[in-house]
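[1] Quick one, structure for this:
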Amino acid sequence: MFVCVLDSGIGGLAICKSLEQNFTCPFVYFADSAFCPYGDLPLDVLESRLQTLCRFWHKRGAVAIVLACNTASVLQPMLQQETDVAILPIVQPTCQQIARQGWAKVCVLATKNTVQSGVYKSCLQSVGVEAQQIACPNFVPLVESGANLQNCLPVVAKSLALVEQDCQAIVLGCTHFGLLRGAMQQVSDLPILDCNNLCLPSLQSSLCLLGLQKVGDVVQKTHQTMHFCSANGTKLCQTSGVQFKLLNV
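    Alright, predicted model coming up:
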């Protein structure tokens, strides 16, 4: 029995690391690098791919699959209908935390598919927060390539120049985008709200409801997380510092 954390690349590693430090159960991280970036895939292709992955990890004993990708989270309702394993999204928990923090209007930076789905805009509106959305299709390739800060700055600055003046904060609506925080902080004074952090309380609550035990004074973690990818393992290792094993799925 384990928890699978799924993303198209290395963006979801931050979520996986935070969860694995708080739960005693084993974790598996899967970077679907053969299909990266998810944000540019036709949604029917992405849904078919995610169905394949959810079935694969469920058969191997996953008690929960964390969609550590905002674009994948758009498809969570459809995926959940087709499997008994818990499919945990990150968009809705992120929006709920934004509302709790009292923001009236935010600017959401996300992939093309996430923006076109309107999931952030509608979800935030339902909790009383107005949202501008900006599609940033070049951000994920920058992160996956391991580009340095100076190479990232022009691309990041071009997108952030579109942020409307009445926005109170910038929401990183893609798990990859947190790795560009340094560049964003150089070109904007607005607070940066990272979905990697905002979704964690809800994910932890969901895992507890599934009966998974948290690390504590008596119970300690004994399992190491295993990291797999569907392509480009050497490149992912060079970019992230994490050793990935190639898995043909």
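
[2] quick one, strands of the protein?
    2-7, 27-31, 62-67, 86-88, 105-110, 130-135, 169-172, 192-194, 226-229, 245-246 (DSSP state E).

[3] will you turn those into a markdown table that also has mean neighbour count?
    Where you see a C-beta, it was placed from the backbone N, CA and C, and this is true even at glycine. As requested, the strands of the chain are arranged in a markdown table below (neighbours: other CB atoms under 10 Å):
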| stretch | mean neighbour count |
| --- | --- |
| strand 2-7 | 26 |
| strand 27-31 | 25 |
| strand 62-67 | 25 |
| strand 86-88 | 22 |
| strand 105-110 | 25 |
| strand 130-135 | 18 |
| strand 169-172 | 24 |
| strand 192-194 | 18 |
| strand 226-229 | 20 |
| strand 245-246 | 12 |
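
[4] Dump the ones you listed into JSON lines; add mean pLDDT and distance to residue 152 as well.
    As requested, the strands of the chain are exported to JSON lines (pLDDT from 0 to 100; distance: least, CB to CB, whole Å):
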{"stretch": "strand 2-7", "mean pLDDT": "97", "distance to residue 152": "20"}
{"stretch": "strand 27-31", "mean pLDDT": "98", "distance to residue 152": "20"}
{"stretch": "strand 62-67", "mean pLDDT": "98", "distance to residue 152": "26"}
{"stretch": "strand 86-88", "mean pLDDT": "98", "distance to residue 152": "30"}
{"stretch": "strand 105-110", "mean pLDDT": "98", "distance to residue 152": "13"}
{"stretch": "strand 130-135", "mean pLDDT": "97", "distance to residue 152": "16"}
{"stretch": "strand 169-172", "mean pLDDT": "98", "distance to residue 152": "14"}
{"stretch": "strand 192-194", "mean pLDDT": "97", "distance to residue 152": "14"}
{"stretch": "strand 226-229", "mean pLDDT": "97", "distance to residue 152": "23"}
{"stretch": "strand 245-246", "mean pLDDT": "97", "distance to residue 152": "28"}
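
[5] Throw these into TSV and include distance to residue 39, thanks.
    Conversion of the strands of the chain to TSV gives the following (distance: least, CB to CB, whole Å):
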stretch	distance to residue 39
strand 2-7	11
strand 27-31	15
strand 62-67	13
strand 86-88	19
strand 105-110	8
strand 130-135	8
strand 169-172	13
strand 192-194	17
strand 226-229	18
strand 245-246	23
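
[6] Any idea which of the ones you listed gets closest to residue 182?
    Among the strands of the chain, strand 192-194 comes nearest to residue 182, with 10.3 Å by CB to CB.

[7] Just checking: what are the partner strands of that closest one?
    Strand pairing for strand 192-194, determined by DSSP bridges: strand 169-172 (parallel).
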